[in-house]
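Visitor: Starting from these lines, generate the structure:
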Amino acid sequence: MERLEGTTIVAVKRDGKTVIGGDSQATMGNMILKDSVIKVRKVYNDKVIVGFAGTVSEAFAMFRRIDGNLHKFSGNLERAVVEIAKEWQSIEAPMRQMNAELIIANKDKLYLVMGDGNVVQPADNMISIGSGSVFALGAAKALLENTKLGAREIVEKSLKIASTYCIYTNDHFNIEEVE
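Guide: Sure thing, here's the model as predicted:
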């Protein structure tokens, strides 16, 4: 069976707001299975946003680990994601490479958690994952550098642009923000 994959998730921080948005299409190969999947969610008392791309079961496994760490460390996002990297080192080799990525953020910090356990904090105030990520990230960068648009508007426009180029990204978005 082919894996469920293909999506676009983009995150932008600006003016004290962090926004993550994603499309809602699930595909298998070149077939659309569903066009109303929720890939961006608020967790930990609505103070943290998580967006995922990749194989659904593996993304949820990563999501559960992050959520558990947030509760374990009283919402300390930095500690929760650093602990993920430590946990990955102790996992048996076949489990180390998950075909999923997460963007996780609160009002202050933004991280990319990769399926191999690596955790990256982007140098600038944006990041994107998934099949349409190059389109969304390029649009977000241009909009951040050349407009006064707010984070939510940048995410919306970036997703719209990605949906016009990436066949695995639709134009039904779910967007969450924290401030």
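
Visitor: List the buried residues for stretch 153-162?
Guide: I154, V155, E156, K157, S158, L159, K160, I161, A162 (16 or more other CB atoms under 10 Å). For every residue, glycine as well, the C-beta is placed using N, CA and C.

Visitor: E177 versus the second one, what's the distance?
Guide: Distance of V155 to E177, computed by CB to CB, to the nearest Å: 8 Å.

Visitor: Common neighbours of these two, please.
Guide: Shared contacts of V155 and E177 (CB atoms under 8 Å, 6 or more residues apart in numbering): V19, I20.

Visitor: about what we covered before: just curious, which of the buried residues of stretch 153-162 is nearest to M31?
Guide: The shortest gap between M31 and any of the buried residues of stretch 153-162 belongs to A162, at 19.8 Å (CB to CB).

Visitor: From A151, how far off is that closest one?
Guide: 16 Å.

Visitor: and if you look at V50?
Guide: Remark: distance between V50 and A151 (CB to CB) = 17 Å.

Visitor: again, but for K107
Guide: With CB to CB as the criterion, K107 and A151 are 11 Å apart.

Visitor: Same check on M28?
Guide: Per CB to CB, M28 is found 32 Å from A151.

Visitor: Which one's more surrounded, the two?
Guide: Of the pair M28 and A151, A151 is the one with more neighbours under other CB atoms under 10 Å, namely 26 against 14.

Visitor: In space, what's closest to D15 - neighbours in sequence excluded?
Guide: Closest residue in space to D15, ignoring its immediate chain neighbours: G150 at 6.4 Å, by CB to CB, 6 or more residues apart in numbering.

Visitor: dump the residue contacts of that neighbour.
Guide: G150 sits next to R14, D15, K17 when contact means CB under 8 Å, 6+ apart.

Visitor: all helices in this structure, in order from the N-terminus.
Guide: 56-72, 77-90, 93-96, 133-146, 151-165 (DSSP state H).
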